[in-house]
Structure formats: C-alpha cells, structure tokens
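Peer 1: How does the following fold in three dimensions:
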Amino acid sequence: MTKSLALSATSFLIFAVGLWGCKSSQSASTAIYPMEDAGTVSSYIAANPLQAMVDNYKDWTDVSVPVTLRLTSPHAMSISARAKMVRGRCIDFSFRMLGFEVARVWISSDSVVAASRPKKIYLSESLSQLTSDIPLNIENLQDMLIGRPFILGGSTVALSDSSTVYMEEFGSSQRLLPKHQPYLAEYGFVLDLPGVITALAVTAPADDVALTVAYSGPRPLTVAGNVMDDVALSLDTQKGDYGAAVSWKWGSARWNEGSAVLPPSTEGLQRVRAAELLKIVKNL
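Peer 2: Okay, here's the model as predicted:
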C-alpha cells in the first residue's frame, strides 16, 4: 500500500502538469468555467480591487512545509509529505511513510523527476515538452498550489498587470481573467475579495480537457502573506477523471531560510515513461 500511495501521488502530479501541454490543431473557443452565457455576462468592474488583493501578498524566497496529499479519483488514498519550494526554481515533494521516504517528485524550471526507491523506478521528463503549447513556468505552478492568481509565463498578478487583466462581477464574487489567453486553452480565477481565490479553471475544449482547482481555508498571517490551506484539483479528460486534494500545514512552515533543494538521485533505478507510470498505478 505504501508504494501504491506514492506512485498514485506521483502519477497525478505528472498528469496534472501534462494537462497544460494538451495538443490540438483547433483554437480554444469555449469560455472559462464557470462562464455564463454570452447574453448574461456581467459588466466589467473597475480594476481597483486588484489593490485589495495584492496587498495580501508578500514576497518569499523558499518554504518547507508538511502536507497531506489525498487521491480521490480513480483511487481513494492518502499520504503525508514534506514539500519544499524555492521561488521560481523548484517544487519538491518527499513522500514518507513510517518515517521513511518512499518517493520524491521534483519539478524545476526545465524538468520533472519522480523517483521511487521501493519500486526501483524513476521518471524524468522535460517540463518544456509537457507544456510545449502553454507558457507555464515554475512560478505559475507554485502560485496554483498555494492559491494565488498568476499570468501564464509570468508571475503572481500584481498592480502592474492591471492593463493585461480585467475583473467582472460573478454573483457575489468576482472573476479575474487575463486578456491574453493561450491558443489551445483558456484560464481564469474566481475571487472573493479581498485577496482570496476560490477557484482556478482551465479548459482545453478542442481536446475536451478541463482542470478545476478549488481553494478553501485561507491563512492570512504567514510570512508570505495570504495562502490557502486546502487545494482540491479535478482533472477531467476523455480517458478518465482524476482528483486530488492538497492540505497544507502552514502553521509548521519554515520560510525564507535560504535552503537549497537538490533533485532526487536516480542511481540504480529503472527509467519509465509517464504513460507507463500511469499504467502501473491503474493496475495497483
């Protein structure tokens, strides 16, 4: 079971990253979930609410924090990990059971490496190949995981982005939408101001793929400002649906210690491809 948890966690993370690389010869024309019909879209609101949102964010360089990752679909299981992130450089998950590391997932600005010593296998993929059609960078992934709006290929939304995004009313909330969308997908954020994201939605309609990320439990009093306690990811594809939840333990986080995080060693392990890893997980 320990190995199954680690492999399933690894496969979901790889699969979620891979969503951004969905290939299609058609442009994305379906509006971002939960977009209203064109005839009922609310009028634009002033960009001033950006100030209230960005005031809740502070710069950070690195963090080490305990986390629980739960797989909800196609399997239901849970595993604890320690996450380490260096801003703009890497995301590292060390999955542990009974005090022993059973797997690591490392995502950097140019690669994704997942290693499981109990299974004696590792995966190594180019992040640029996984996201070849979408300008996703490591800062975008970090923002997605902690609950902050971002510009694809850029960084966290700031006041300087006021001319490149627009906000509109959405019931009792607001929607923040970048004006420039990638060719093969669309994305946007649902906000409860000040400074709280409730959802990120990504659609690649030509490939019938959608990623929804729902946020809850904002924690406003961290070194980095506002972050979200709980992140629920739902990935819907033609080949199946996948779900996971990330629960951060920010109360035990260590911020801005200047820690260096090295990728996992793959010495003595057999390399597999992402498709092979998913197949192994499905057969567990």
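Peer 1: Distance of Leu145 relative to Ile197?
Peer 2: 12 Å (CB to CB, to the nearest Å). (Each C-beta comes from the backbone N, C-alpha and C, glycine too.)
Peer 1: Name the residues linked to the nearest residue to Thr212 once chain neighbours are set aside by a beta bridge.
Peer 2: Excluding the flanking residues, the one nearest Thr212 by CB to CB, 6 or more residues apart in numbering is Ser234, at 4.6 Å. Note on Ser234: beta-bridge partners by DSSP bridges are Thr212, Gly243.
Peer 1: Tell me which of Leu145 and Ile197 has more neighbours.
Peer 2: Between Leu145 and Ile197, counted using other CB atoms under 10 Å, the more crowded position is Ile197 (25 against 19).
Peer 1: For that one, give me its contacts.
Peer 2: Listed by CB atoms under 8 Å, 6 or more residues apart in numbering, the contact set of Ile197 reads 147-149, 189-191, 215, 228.
Peer 1: for Leu176, same thing?
Peer 2: Counted by CB under 8 Å, 6+ apart, Leu176 has contacts 149, 157, 165-167, 188-191.
Peer 1: What residues are bridge-paired with Met85?
Peer 2: Val63, Ile91.
Peer 1: got a list of what it touches?
Peer 2: 62-63, 91-92, 142, 145.
Peer 1: And the pLDDT at the residue nearest to Thr212?
Peer 2: Here the pLDDT value assigned to Ser234 is 88.
Peer 1: Report how many residues lie close to it.
Peer 2: 18.
Peer 1: so it makes contact with Val209?
Peer 2: No - with contact defined as CB atoms under 8 Å, Ser234 does not count as touching Val209 (11.6 Å).
Peer 1: Assign Val190 to helix, strand or coil.
Peer 2: strand (DSSP: H, G, I helix; E, B strand; the rest coil).
Peer 1: residues touching it, list them.
Peer 2: Neighbours of Val190 in contact, by CB under 8 Å, 6+ apart: 34, 170, 173-176, 197-201.
Peer 1: which among these end up buried?
Peer 2: Taking 16 or more other CB atoms under 10 Å as the criterion, what is buried in those is 170, 174-176, 197-201.
Peer 1: can you tell me which of these are in strands?
Peer 2: Judged by DSSP state E, the subset of the buried ones among the contacts of Val190 located in strands is 170, 174-176, 197-201.
Peer 1: just the residues you listed: which has the poorest pLDDT?
Peer 2: Here the lowest pLDDT out of these sits on Phe170, with 73.
Peer 1: hey, where'd the strands end up in the stretch 151-284 of the chain?
Peer 2: 165-170, 173-178, 186-192, 196-204, 209-222, 225-237, 240-248, 254-255, 270-272 (DSSP state E, counting those that start in this stretch).
Peer 1: Export only the CA atoms of the first one, formatted as CSV.
Peer 2: Output in CSV follows, covering the C-alpha atoms of strand 165-170 (Å, rounded to 0.1, in the frame of the first residue of the first chain):
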residue,chain,number,x,y,z
VAL,A,165,-6.3,41.6,-16.9
TYR,A,166,-9.9,42.5,-16.3
MET,A,167,-12.3,41.8,-13.5
GLU,A,168,-16.0,41.3,-13.7
GLU,A,169,-18.8,40.6,-11.3
PHE,A,170,-19.8,37.0,-10.8
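Peer 1: Centre of the chain to that strand, how far?
Peer 2: 22 Å (CA atoms, centre = their mean, to the nearest Å).
Peer 1: again with the fifth one
Peer 2: Here strand 209-222 is found 10 Å from its chain centre; the criterion is CA atoms, centre = their mean.
Peer 1: How about the third one?
Peer 2: Relative to the mean C-alpha coordinate of its chain, strand 186-192 is positioned 14 Å out (CA atoms, centre = their mean).
Peer 1: Please apply the same query to the last one.
Peer 2: Centroid displacement of strand 270-272 relative to its chain, using CA atoms, centre = their mean, is 25 Å.
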